[in-house]
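Trainee: the following block contains a protein sequence and its predicted model.
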Amino acid sequence: MTMLRFDPFRGFETMMKKMSEVAADLERGVVIEKGSFAPRVDIYEDDANMYLNAELAGLKREDISIKLNEGNVLVLSGKKDRGEEDEKRTIVRNERSFGEFSRSVVLPDNLDLDSIKASYRDGVLEIKISKKLPDPPKEINISID
């Protein structure tokens, strides 16, 4: 008689790790991507600003759209064309991605959304957003009778 070993908790550790990763992502802000081309995005901050850098090699400035929607959702979208195809050539290997893309990032509430600035150089888009200064503590002088 052959005995098969059955472990009902097999894979449970992997599932818990994935759930922890999702929870960590939610703490950092939700990022939604759609499209056939998904540029890589780095988000970082210092004491004064939050930065979002996106790799958009091969795109022109006019191919990139940046919008701020309700709910502090920053939407980066555009289209990366393959370029002219030559019927005389046969593709041997194709690793680059092309097509439309959209990346959405929910921004935290502590940012000054009127200060958003974007620059594009050497295929990298950098978006810089200043942080709001915290409100000074409110003081009320009370007279003594």
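Mentor: Yes, it's here.

Trainee: just the helices in this protein please.
Mentor: 12-28 (DSSP state H).

Trainee: where does it dip in pLDDT?
Mentor: 1-10, 22-36 (pLDDT under 70).

Trainee: and the strands in it, which stretches?
Mentor: With strands called from DSSP state E, the chain shows them at 31-35, 41-45, 49-55, 64-69, 73-80, 99-106, 117-121, 124-130.

Trainee: what's the spacing between the nearest residue to residue 65 once chain neighbours are set aside and residue 11?
Mentor: Leaving out its chain neighbours, the residue that sits closest to residue 65 by Cβ to Cβ, 6 or more residues apart in numbering is residue 77, at 4.9 Å. Backbone N, C-alpha and C define where each C-beta goes, glycine included. Using Cβ to Cβ, to the nearest Å, residue 77 is found at 37 Å from residue 11.

Trainee: hang on, the earlier thing: now render the strands of the chain as CSV, adding distance to residue 143 and mean neighbour count.
Mentor: Shown next, in CSV, are the strands of the chain (distance: least, Cβ to Cβ, whole Å; neighbours: other Cβ atoms under 10 Å):
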stretch, distance to residue 143, mean neighbour count
strand 31-35, 53, 13
strand 41-45, 44, 13
strand 49-55, 42, 18
strand 64-69, 46, 13
strand 73-80, 48, 18
strand 99-106, 47, 17
strand 117-121, 47, 12
strand 124-130, 39, 17
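
Trainee: next, format those strands as TSV and append distance to residue 89.
Mentor: Shown next, in TSV, are these (distance: least, Cβ to Cβ, whole Å):
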stretch	distance to residue 89
strand 31-35	26
strand 41-45	32
strand 49-55	26
strand 64-69	29
strand 73-80	20
strand 99-106	20
strand 117-121	30
strand 124-130	29
